[in-house]
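Chemist: With the sequence up front, the predicted model follows.
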Amino acid sequence: MEHILDETVPAEDLKRFEQKYHEELQHGKVSSTSQFEYSWCLVRSRYPADIRKGIILLEDLFQNRDETNKRDYLYYLAVGNTKLKEYATALKYIRALLQVEPGNRQAQELEVIASKRLEKDGMVGMAVAGGAAVAFGGLVGLGMLAAGRNRVKK
């Protein structure tokens, strides 16, 4: 399952679907299929800006288009947010998908991965904050020690 998070889109695929999307956009009407294909490629990019753009397009599809592909929109919204390390948002989309399809294996596996990464990042964040507090405390202690020595010398 983790391979979907590491997978990157071939440049020629991205270019092809981007061109199709922009051609339709110039003609005033982008089909759901073209928008999905382009956003699917963007979410699979290695560049965070592309992934964000893909998420925006997928959110538009989810909110404003047909009901038939909402499962796919939710899934790739979850994938994109997981790739951006927006785990809480990814879990929101995963759980919405699991409400509709409780037996969806891909969503279940992605939920486990996003939950573990959220927990791991939380622990890393706490460790960094704890380390910063210790370092700050050490600096304050050194400052007080130096101030005490200056008073003793006078």
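Modeler: Perfect, I can see it now.
Chemist: Leu9 and Leu61: what is the separation?
Modeler: If you look again at residue 9, you'll see it is Val, not Leu. When distances are taken as Cβ to Cβ, to the nearest Å, Val9 and Leu61 turn out to be 18 Å apart. The C-beta positions use only the backbone N, C-alpha and C, and glycine is treated the same way.
Chemist: err, Lys83, not the other one
Modeler: Relative to Leu61, Lys83 is positioned 18 Å away (criterion: Cβ to Cβ).
Chemist: same check, this time on Arg16
Modeler: Separation of Arg16 from Leu61 (Cβ to Cβ): 19 Å.
Chemist: Who has more neighbours out of those two?
Modeler: Neighbour tally, Arg16 and Leu61, criterion other Cβ atoms under 10 Å: the higher count belongs to Leu61, 21 against 14.
Chemist: so the more buried one is in which element?
Modeler: Assigned by DSSP states H and E, Leu61 belongs to helix 48-64.
Chemist: shaky segments in this structure?
Modeler: Residues of the chain meeting the criterion pLDDT under 70: 1-2, 122-154.
Chemist: The same query, at a cut-off of 90, please.
Modeler: Counting by pLDDT under 90, the chain contains low-confidence residues at 1-7, 64-68, 118-154.
Chemist: now the helices for it?
Modeler: Using DSSP state H, the helices of the chain run over residues 2-6, 11-26, 32-43, 48-64, 70-83, 87-100, 105-153.
Chemist: Give me the buried positions along stretch 5-24.
Modeler: Of the residues in stretch 5-24, those buried by neighbour count under the rule 16 or more other Cβ atoms under 10 Å are Val9, Leu14, Phe17, Glu18, Lys20, Tyr21, Glu24.
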